[in-house]
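> output the structure for:
(2 chains)
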There are 2 protein chains.
Amino acid sequence: MSTVSESIRNGVDTDRMFATLDLIKEQPELARFQFRASNRWIEGAHNRSTIKGFYAAGGEDTSRDEAFALDAGEPAILLGTDTGANPAEYLLHALAACLTTTIVYVAAARKVKLTSVESTLTGDMDVRGALGVSDEVRNGFERIGVAFRVSGEAPEEKLREVVERAKARSAVYDIITNGVPVALEVTAG
Amino acid sequence: MSTVSESIRNGVDTDRMFATLDLIKEQPELARFQFRASNRWIEGAHNRSTIKGFYAAGGEDTSRDEAFALDAGEPAILLGTDTGANPAEYLLHALAACLTTTIVYVAAARKVKLTSVESTLTGDMDVRGALGVSDEVRNGFERIGVAFRVSGEAPEEKLREVVERAKARSAVYDIITNGVPVALEVTAG
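Below you'll find the model as predicted:
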């Protein structure tokens, strides 16, 4: 029991974490992952993604018994009926979740026990772009603000280092700050 | 009744849509929106965002009675317990949802009645970046693939034009392909 509890920090099994890192260092081809989502339009601003399978570590991962279903929508002012958070809000959630999990994993690896991690995110947008009213403004957020409040059993400086390292390693932070090429194909008829 | 049913196309009230567009053309300051998410770490890879209020059209929008709660997680191979889709998958959902809603709104504006809009998205990642094993690969997706299948009461060429216009106006497509500056603040202790 004491071995198990020492290995698990912040809810992360650090023995398994370091074993995974060692394995990937030895066999880099195992690091190829592909995540997926399937989306279907329902009505108006209501559509739903289902997320289940993914490719990881040299094969198709089949560990999930059920798919996650995510409903998107828009509020009334954007002509929807609030069937779910809107796509831009989902993007803020993706960023918050990725930074938070990366903070928790980095802290676990560095033997920092966290007590709380909270964040508030804001995304500013001039909707004239997305609504097609103006070509002078961009369609997406002009800027995103992220405010973290992190506490744990470590000096403030150590906690700040954990957040800095997480920012330098977060997948979604990289995607949103640097962009990713998107190839879009259409079958119509 | 016939006026109402003519105004609503693809579940979108086009009279309201055009009235909104006219209003924003006249008063561009009403186009300033701010979306938000608040996130709290729960345990390991499990964290939850709550999404409710936002700023829109010159004031705080209070039309939502309840917050949306979104749970993130990681599958076992990434040291989680599948408490929700992972952050990178949420990002794919945000992209799918935004492109789909934009297609539906553009079609409504152009008098195209859609019968179905489906998409599958893939994101390829070498996890050595996010896991901190290699500085040679990026943390996020190297590329994202989006495959749409769109059908409706219009010629194939018209449906393709609708998708092209949606791609040119989607907020999340812009964010993900072009990137957005993110300002991150930390309060630690």
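> quick one: distance of the lengthiest helix in chain A to the chain centre.
For chain A, the helix that runs over the most residues, judged by DSSP state H, is helix A:87-109. Mean C-alpha position of helix A:87-109 versus that of the full chain (CA atoms, centre = their mean, to the nearest Å) differs by 5 Å.
> element containing A:V162?
Assigning secondary structure by DSSP states H and E places A:V162 in helix A:156-169.
> buried residues of that helix, list them for me.
Within helix A:156-169, the residues scored as buried using 16 or more other CB atoms under 10 Å in any protein chain shown are A:159-163, A:165-167, A:169. Yep, even glycine has a C-beta here, placed from its N, CA and C like the rest.
> pLDDT of that helix, averaged?
When the per-residue pLDDT values of helix A:156-169 are averaged, the result is 98.
> show me what that helix packs onto, helices and strands only.
In terms of contact count using 3 or more CB pairs under 8 Å, 6 or more residues apart in numbering or on different chains; DSSP states H and E, helix A:156-169 is assigned the packing partners helix A:87-109, strand A:143-152, strand B:182-188.
> tell me which of these is the most buried.
Using mean count of other CB atoms under 10 Å in any protein chain shown, the stretch among the helices and strands packed on helix A:156-169 with the largest mean neighbour count is helix A:87-109, at a mean of 28.
> tell me the helix or strand right after that one.
Next helix or strand after helix A:87-109 toward the C-terminus (DSSP H and E): strand A:114-126.
> list the neighbouring strands of that following strand plus their orientation.
Listed by DSSP bridges, the sheet partners of strand A:114-126 and their directions read strand A:143-152 (antiparallel), strand B:32-43 (antiparallel).
> including mean pLDDT and distance to B:G145, could the ones you listed go into a markdown table?
Conversion of the strands paired with strand A:114-126 to a markdown table gives the following (pLDDT from 0 to 100; distance: least, CB to CB, whole Å):
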| stretch | mean pLDDT | distance to B:G145 |
| --- | --- | --- |
| strand A:143-152 | 98 | 25 |
| strand B:32-43 | 98 | 26 |
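> reformat the ones you listed as TSV; add distance to A:G129.
Putting those into TSV (distance: least, CB to CB, whole Å) gives the following:
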stretch	distance to A:G129
strand A:143-152	14
strand B:32-43	11
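> which regions of chain A lie under the pLDDT threshold?
Residues of chain A meeting the criterion pLDDT under 70: A:1-5.
> can you rerun that using 50?
A:1-2 (pLDDT under 50).
> ok, the closest residue to A:G73 other than its chain neighbours - contacts?
Across the structure, with CB to CB, 6 or more residues apart in numbering or on different chains as the measure, the residue nearest A:G73 apart from its sequence neighbours is A:T83 (3.4 Å). For A:T83, the set of contacting residues under the criterion of CB atoms under 8 Å, 6 or more residues apart in numbering or on different chains consists of A:42, A:45-46, A:71-73.
> output stretch A:161-176 as CSV, restricted to C-alpha atoms.
Output in CSV follows, covering the C-alpha atoms of stretch A:161-176 (Å, rounded to 0.1, in the frame of the first residue of the first chain):
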residue,chain,number,x,y,z
GLU,A,161,7.9,26.8,-12.7
VAL,A,162,5.4,24.0,-13.0
VAL,A,163,2.9,26.3,-14.9
GLU,A,164,5.7,27.6,-17.1
ARG,A,165,6.8,24.1,-18.0
ALA,A,166,3.1,23.1,-18.7
LYS,A,167,2.7,26.1,-21.0
ALA,A,168,5.8,25.0,-22.9
ARG,A,169,4.4,21.4,-23.3
SER,A,170,0.6,21.7,-23.7
ALA,A,171,-0.7,20.3,-27.0
VAL,A,172,-3.7,22.6,-27.2
TYR,A,173,-1.7,25.7,-26.2
ASP,A,174,0.7,25.0,-29.0
ILE,A,175,-2.2,24.4,-31.5
ILE,A,176,-4.0,27.6,-30.6
